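Trainee: After the sequence you'll find the predicted model.
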Amino acid sequence: MRITVIGTGYLGAVHAACMADIGHEVLGVDVDEAKIAALAEGRPPFFEPGLPDLLARTHERGNLRFGTSLQEAAEFGDVHFVCVGTPQRKGSYAADLKYVDAVVEGLARHLDRPSLIVGKSTVPVGTAARLAARIAELAPQAELAWNPEFLREGTAVLDTLEPDRLVVGVQSAHAADVLRSLYGRMVEAGTPFLVTDMATAELVKVAANSFLATKISFINAMAEVCEATGADVVPLAQAIGMDARIGPKFLAAGLGFGGGCLPKDIRAFIARAGELGVDQAVSFLREVDEINLRRRARTVELGLDLIDGSYRGTRIAVLGAAFKPNSDDIRDSPALDVAASIGRRGGDVVVYDPQALDNARRAHPELAYVNSLDEALTGADVTMVLTEWDEFQDMDPVAVGEQVAQRNMVDGRNILDPVAWRKAGWRYRALGRP
Ligand code: NAD
């Protein structure tokens, strides 16, 4: 099929490359010319495992191109995926839909033959119905469907090529047939293909993210109780996770969630539920958000405990800047939030991350950055593990002990073995652990 992918960020670039990989003719479109120039040369504009190989493969095959024109997109494609950002609106919990609106308006104006516009961006329920009405005015031959995306940064390529499920919210059986055929390879491989109305499809995405955020905040709430009682949240999580009804995933207590999705998605859900008059139904999400943010403040306190109550004049090695490992995404990163907070309290913060340094530097130019773990550790009074990269998990407490000025460790992700670190002479603090 001839398809376009509009918005080639973390979601769209991977989607475009994967759709080309399964054999479609793909045009990726973005307003960011630098991003388009990189992609056109087969270079990923961000770090995502597997994406460089995929781009190189499709580049060679010649069925993936990039451009900046919506008119070209309208002329080229029969199916148009909308993958632009839906960030939190400034000064509000609500989602900012200006990019989605601009793309749908801009594209629909050029559509003069039957085509399918497919929203993939995460939007508040009701957005698709509003956009469908606008498309009916601007491009009566075009139809809208909503196909939320569940990929995770770090495993985005695999998640796209082998998804757990495909959810398509449609207004006609024809739209469902087009998408079933477009995703034919996945459907034939056994991926469940769920057809719903558009509102349900929009809500599936937001409900899934709300559940995941709640699960993380639940175990982090248990961590708070553990801290007050001397109990240990790690075996607690292990024990409750063995109940098949609960399951072990997303039960890792620590610094909590961040990134360009969960925080803004639960806030947008709170805002949308308010508009719909059902705020009480999701009022628990406010607490989920607050528990999550309290973990950041608690991590700053744990460091203070180790250096007698003031960060002034101390060197703090912050290990991690990305919101999660295997990504360079620093949007709403808990690690950088903690680093910035310590910096404001007078700490001499040195940040190291295997992939996210350039993005972190742009967002927080006030912090100092180094290009290696060794440089970060040298002379540190407190070392803080804030993103769970393998490189940090693999550190040898004896060797690292020789590099730092003082053996003070805050394990913000509960990935180190407290027994081994304490045995090597470290004062070890972690969230929810004695
Ligand atoms: P992103 O910021 O990385 O990418 C958005 C892209 O859209 C940017 O490259 C931007 O330049 C482009 N854009 C903005 N206005 C445009 C326009 N008028 N025309 C063409 N391009 C335009 O964001 P993302 O992480 O890829 O997220 C995109 C959407 O997907 C969001 O709604 C997000 O919630 C959702 N989502 C993201 C993920 C993820 O893991 N990143 C997963 C599932 C869903």
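Mentor: Yes, it's here.
Trainee: Pull out the buried positions in stretch 422-432.
Mentor: Ala424, Trp426, Tyr428, Arg429, Ala430, Leu431, Gly432 (16 or more other CB atoms under 10 Å). For glycine as for every other residue, the C-beta is placed from the backbone atoms N, C-alpha and C.
Trainee: okay, now the domains of the protein?
Mentor: 2-196, 197-434 (automatic domain parsing).
Trainee: mind giving me TSV with those and columns for mean pLDDT?
Mentor: Shown next, in TSV, are the domains of the chain (pLDDT from 0 to 100):
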stretch	mean pLDDT
domain 2-196	97
domain 197-434	98
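Trainee: Which one, of those domains, ends up nearest to the ligand?
Mentor: domain 2-196 (1.8 Å; CB to the nearest ligand atom).
Trainee: For the stretch 51-200 of the chain, which residues are neighbours of the ligand?
Mentor: Cys83, Val84, Gly85, Thr86, Tyr99, Ala102, Val103, Ser121, Thr122, Glu149, Leu151, Glu153 (CB under 6 Å from any ligand atom).
Trainee: Put the buried members of those residues into a ChimeraX selection.
Mentor: Only the buried entries of those go into this ChimeraX selection, using 16+ other CB under 10 Å:
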select :83,84,85,86,99,103,121,122,149,151,153
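Trainee: Next step: the residues of the stretch 51-200 of the chain next to the ligand restricted to helices.
Mentor: Tyr99, Ala102, Val103 (DSSP state H).
Trainee: coming back round to it: out of the residues of the stretch 51-200 of the chain next to the ligand, which one sits closest to Arg180?
Mentor: Glu149 (16.9 Å; CB to CB).
Trainee: hang on, the closest one packs against His15?
Mentor: Yes. At 7.2 Å, Glu149 counts as touching His15 under the criterion of CB atoms under 8 Å.
Trainee: which residues are common contacts for those two?
Mentor: By the contact definition CB atoms under 8 Å, 6 or more residues apart in numbering, Glu149 and His15 are jointly contacted by Cys83, Lys120.
Trainee: quick one, what contacts Ser310?
Mentor: Leu304, Arg345, Gly346.
Trainee: Take those and lay them out in CSV including secondary structure and neighbour count.
Mentor: Converted to CSV, these look like this (DSSP: H, G, I helix; E, B strand; the rest coil; neighbours: other CB atoms under 10 Å):
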residue, secondary structure, neighbour count
Leu304, helix, 17
Arg345, coil, 16
Gly346, coil, 12
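Trainee: Quick check: what element follows the helix or strand containing Ala339 along the chain?
Mentor: Under the criterion of DSSP states H and E, Ala339 resides in helix 334-344. Downstream of helix 334-344, the first helix or strand assigned by DSSP H and E is strand 348-352.
Trainee: Now do that following strand: which elements does it pack against?
Mentor: The helices and strands touching strand 348-352, judged by 3 or more CB pairs under 8 Å, 6 or more residues apart in numbering; DSSP states H and E, are strand 315-319, helix 334-344, strand 368-369, helix 373-377.
Trainee: switch to 10 Å and redo it
Mentor: In terms of contacts (3 or more CB pairs under 10 Å, 6 or more residues apart in numbering; DSSP states H and E), strand 348-352 is packed against strand 315-319, helix 334-344, helix 357-363, strand 368-369, helix 373-377, strand 382-385.
Trainee: ok now that strand, how far from the chain's centre?
Mentor: A distance of 23 Å separates the C-alpha centroid of strand 348-352 from that of its chain, computed with CA atoms, centre = their mean, to the nearest Å.
Trainee: and what of stretch 278-294?
Mentor: For stretch 278-294, the distance to the chain centre is 19 Å (CA atoms, centre = their mean).
Trainee: Mind listing what's buried along the strand or helix carrying Ala37?
Mentor: Under the criterion of DSSP H and E, Ala37 resides in helix 33-40. Buried residues in helix 33-40, counted by 16+ other CB under 10 Å: Lys35, Ile36, Ala38, Leu39.
Trainee: wait, what's in contact with the second one?
Mentor: Think Ile36. Contacts of Ile36 were listed using CB atoms under 10 Å, 6 or more residues apart in numbering, and they are Thr8, Gly28, Val29, Asp30, Pro45, Arg65, Phe66, Gly67, Thr68.
Trainee: The last one contacts Asp32, correct?
Mentor: Spelled out, that is Thr68. Yes. Using CB atoms under 10 Å, Thr68 makes contact with Asp32 at a distance of 8.5 Å.
Trainee: Pretty sure Glu137 sits against Ala108.
Mentor: Yes. Using CB under 10 Å, Glu137 makes contact with Ala108 at a distance of 8.3 Å.
Trainee: between the two, which one's more packed in?
Mentor: Set Glu137 next to Ala108 and count neighbours by other CB atoms under 10 Å: Ala108 wins out with 23 against 8.
Trainee: Can you give me every residue that contacts that one?
Mentor: Neighbours of Ala108 in contact, by CB under 10 Å, 6+ apart: 70, 74, 80, 115, 117, 131, 134-140, 142, 144.
Trainee: Sort out which of those are in helices and list them.
Mentor: Leu70, Ala74, Leu131, Arg134, Ile135, Ala136, Glu137, Leu138.
Trainee: Just among these, which is most surrounded?
Mentor: Tallying neighbours with other CB under 10 Å puts Leu131 at the head of the ones in helices among the contacts of Ala108, with 24 neighbours.
Trainee: which one is that residue nearest to, not counting chain neighbours?
Mentor: Residue nearest to Leu131 in three dimensions, not counting chain neighbours: Val104, with 5.1 Å by CB to CB, 6 or more residues apart in numbering.
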